[in-house]
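Q: kindly return the folded structure for what I paste below:
(2 chains)
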Amino acid sequence: MTILVVAEHDNRSVKPATLNAVAAAVEISQAGAGDIHILVVGQDCRAAADAAAKIAGAAKVLIADDSAYGHGLAENVAPLLVALAPNYSHLLAPATTQGKNLMPRVAALLDVMQISDISGVVSQDTFVRPIYAGNALATVRSKDAIKVITVRGTAFPPGEAEGGAAAIEAVSGPGAAGLSEFVKAELSKSERPELTSARVIISGGRGMQSGDNFHLLEAVADKLGAAVGASRAAVDAGFVPNDYQVGQTGKIVAPELYIAVGISGAIQHLAGMKDSKVIVAINKDEEAPIFQIADYGLVGDLFKILPELDAELAKRQQ
Amino acid sequence: MKALVAVKRVVDYNVKVRVRADHTGVETANVKMSMNPFDEIAIEEALRLREAGTVEEVIAVSAGVQQCQETIRTALAMGADRGVLVLTDVELQPLAVAKLLKAVIDKEGPEIVIIGKQAIDDDCNQTGQMLAALLGWPQATFASKVSIGQGDAEVTREVDGGLETIKLKLPMVVTTDLRLNEPRYASLPNIMKAKKKPIVTMTPDELGVDVTPRLVTLKVEEPVKRQGGVKVGSVEELVTKLKTEARVI
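A: Presented below is the predicted three-dimensional model:
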């Protein structure tokens, strides 16, 4: 049977999380399932479908282009997936806020249990997923005919965005459900990379003391081409918006380099970043738990260290 | 209107969980249990809606073993009016919980249902969305602001790129994110008062719901532990090591 991956996109281009989900689909396919199709559902989303057709491993791209799908409202999109589902053995989406919002609604309409946030593929029906903030890994087998799955991006290295030449086929669904409508979006504007796909991340915690002080992190971030993140404590304290949050209840990241500044290392924060390749911790408390998992620890006052780090990086870039 | 809030009994967020030696799950014997933190936010939001005069009654529902009654008592001590316990020893997965909640909702007729976005034990993040699907209601997941109007509501949601506001017809399901509110603590007099508030118990059979798990847990293991590294003495040493040893900058 065939696997359908729901693409994450902005109608113009495909978001990197899609490539991680396709990588998981490739593993399921190699475990015996069939072809991989990608669904691009949106409004004026032809450019995104063209981009999806180039993704290596995709046999076909389905495009559902309708004003009802413009903002990805789950009430409108879920019935489309339910209509497509009989042709598929697996429905996958990245475990982004979009995927997490949509897929359980689809699963319930199909009367199947979703398998959330998988980090490994054992076979066509058996998957590994983190539980308890990643402090345990459960291997679960689904007894349902259709597997509805969200994919933890950091667990599946992204597939190739180029090289494929899939055919694009138009599909349509019931359209607007009339239950909900989009009002507005206030998206954080940043020239920096997105947290979930950044190669380097520098995050601040309660030790930053205020939102204003985050400019110290931003200066270093700009030297490194890094994204800026935060711990839940910093979000709770109102220093930065929630979309900065790295952790069990925020974003899960695994960059090449993660720099934790003024972050003690609560379990729920570690859950979001402990798979990073290299971890640096900067904290004035040498007993802070973050040092137990950091590759490089620097004990000291972050208000002194961050400007020094900024200057050192500037010096070496000359 | 009535508000219904679902609350889950989970291992307290401060407990460091341990995987059982036989790999069947995590150790829950003699471990502190509490209300799922996102569900505390859900109760708080319902109470605020009642205090604003939008909602007349707040009903707290939990499903699971007998001890879930303690979680309902916590909700009642915070200020919920009454409780419903769906009693079962079967391991409940989100789809089954959503079906149980739907059955309770069909009896109670609330116009707003508020649920934590995610339980901190199984980290599924499914029940609210599934419940909305089964009811045919709109869903406002990951809410950071809820404004109820006449027959509809505007909800601001925490999404990956920032914030998104949607308008939904009532009745609706809301799932809570962190910044929606800061839950109150139950005062001692309210804890005493909560003991007299009614809790009705029912079973999945009485509600006509099959709660058989659809996912079989084959094993639960500890993840590979990350080893701590070295402390460096200066910023210069740190940058040098990142350049020449780790080669990440």
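Q: give the contact list for the nearest residue to A:A230 once chain neighbours are set aside.
A: Leaving aside its chain neighbours, A:A230 sits nearest to A:Y244 (4.0 Å; criterion: CB to CB, 6 or more residues apart in numbering or on different chains). For glycine as for every other residue, the C-beta is placed from the backbone atoms N, C-alpha and C. A:Y244 makes contact with A:L195, A:S203, A:V228, A:G229, A:A230, A:A234, A:V235, A:G250, according to CB atoms under 8 Å, 6 or more residues apart in numbering or on different chains.
Q: any idea how far A:Y244 lies from A:P193?
A: A:Y244 sits 13 Å away from A:P193, going by CB to CB, to the nearest Å.
Q: can you check A:V106 too?
A: 30 Å.
Q: before we move on, what about A:G207?
A: 24 Å.
Q: report the backbone C-alpha coordinates of the biggest strand by length in chain B in PDB.
A: The longest strand of chain B (DSSP state E) is strand B:139-148. Taking C-alpha atoms only, strand B:139-148 is exported to PDB below (Å, rounded to 0.1, in the frame of the first residue of the first chain):
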ATOM      1  CA  GLN B 139     -11.100  23.100  17.600                       C
ATOM      2  CA  ALA B 140      -8.800  25.800  18.900                       C
ATOM      3  CA  THR B 141      -5.600  24.100  19.800                       C
ATOM      4  CA  PHE B 142      -2.600  25.600  21.700                       C
ATOM      5  CA  ALA B 143      -4.600  28.500  22.800                       C
ATOM      6  CA  SER B 144      -3.000  31.600  24.400                       C
ATOM      7  CA  LYS B 145      -6.100  33.800  24.500                       C
ATOM      8  CA  VAL B 146      -9.800  33.000  24.400                       C
ATOM      9  CA  SER B 147     -12.600  35.600  23.900                       C
ATOM     10  CA  ILE B 148     -16.100  34.300  23.900                       C
END
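Q: check which residues of that strand are buried.
A: B:Q139, B:A140, B:T141, B:F142, B:A143, B:S144, B:K145, B:V146, B:I148 (16 or more other CB atoms under 10 Å in any protein chain shown).
Q: tell me the one of these nearest A:G153?
A: Minimum distance to A:G153 across the buried residues of strand B:139-148 is 17.7 Å, recorded for B:F142 (CB to CB).
Q: right, and the closest one touches B:V159 too?
A: Yes: under the criterion of CB atoms under 8 Å, B:F142 makes contact with B:V159 at 7.0 Å.
Q: shared neighbours of those two, which are they?
A: A:T97.
Q: quick one: low-confidence parts of chain B?
A: Within chain B, not a single segment meets pLDDT under 70.
Q: contact partners for residue 186?
A: Using chain A. A:E186 sits next to B:G162, B:L163, B:E164, B:T165 when contact means CB under 8 Å, 6+ apart.
Q: ah, I was thinking of chain B
A: Neighbours of B:A186 in contact, by CB under 8 Å, 6+ apart: B:T74, B:A77, B:M78, B:A194.
Q: quick one, phi psi at it?
A: The phi and psi values for B:A186, taken as degrees, to the nearest 10, are phi -80, psi 130.
Q: next, count neighbours for B:N14.
A: B:N14 has 9 neighbouring residues, counting by other CB atoms under 10 Å in any protein chain shown.
Q: contacts only, for the closest residue in space to B:V7 that isn't next to it in sequence.
A: Nearest residue to B:V7, sequence neighbours excluded (CB to CB, 6+ apart): B:D39, at 4.3 Å. B:D39 makes contacts with B:V5, B:A6, B:V7, B:K8, B:A75, B:I115, B:G116, B:A119, B:T176, as judged by CB under 8 Å, 6+ apart.
Q: pretty sure B:D39 sits in a helix.
A: Yes: according to DSSP: H, G, I helix; E, B strand; the rest coil, B:D39 belongs to a helix.
Q: roughly how far apart are it and chain A?
A: Between B:D39 and chain A the computed distance is 13 Å (CB to the nearest CB, to the nearest Å).
Q: what bridges to the residue most central in space within chain B?
A: Centroid check for chain B by CA atoms, centre = their mean gives B:G116 as the closest residue, at 3.1 Å. Counting by DSSP bridges, B:G116 forms beta bridges with B:T176.
Q: so it makes contact with B:T176?
A: Yes: B:G116 is within contact range of B:T176, at 5.5 Å (criterion: CB under 8 Å).
Q: kindly point out which residues are neighbours of both of the two.
A: With CB under 8 Å, 6+ apart as the test, B:G116 and B:T176 both reach B:F38, B:D39, B:I41, B:A42.
Q: all helices for chain B, in order.
A: For chain B, the helices defined by DSSP state H cover B:37-51, B:68-78, B:94-108, B:127-135, B:188-194, B:204-207, B:235-244.
Q: which strands and helices sit next to the third one?
A: Contact partners of helix B:94-108 among helices and strands, from 3 or more CB pairs under 8 Å, 6 or more residues apart in numbering or on different chains; DSSP states H and E: helix A:97-109, strand B:2-6, strand B:57-64, strand B:82-87, helix B:127-135, helix B:204-207.
Q: between the ones you listed, which gets nearest to B:T240?
A: Closest among these, using CB to CB: helix A:97-109, at 38.9 Å.
Q: partner strands of the following helix or strand past that closest one, parallel or antiparallel?
A: Heading C-terminal from helix A:97-109, the first helix or strand you meet, by DSSP states H and E, is strand A:115-118. In the sheet, strand A:115-118 lines up against strand A:147-151 (parallel) (DSSP bridges).
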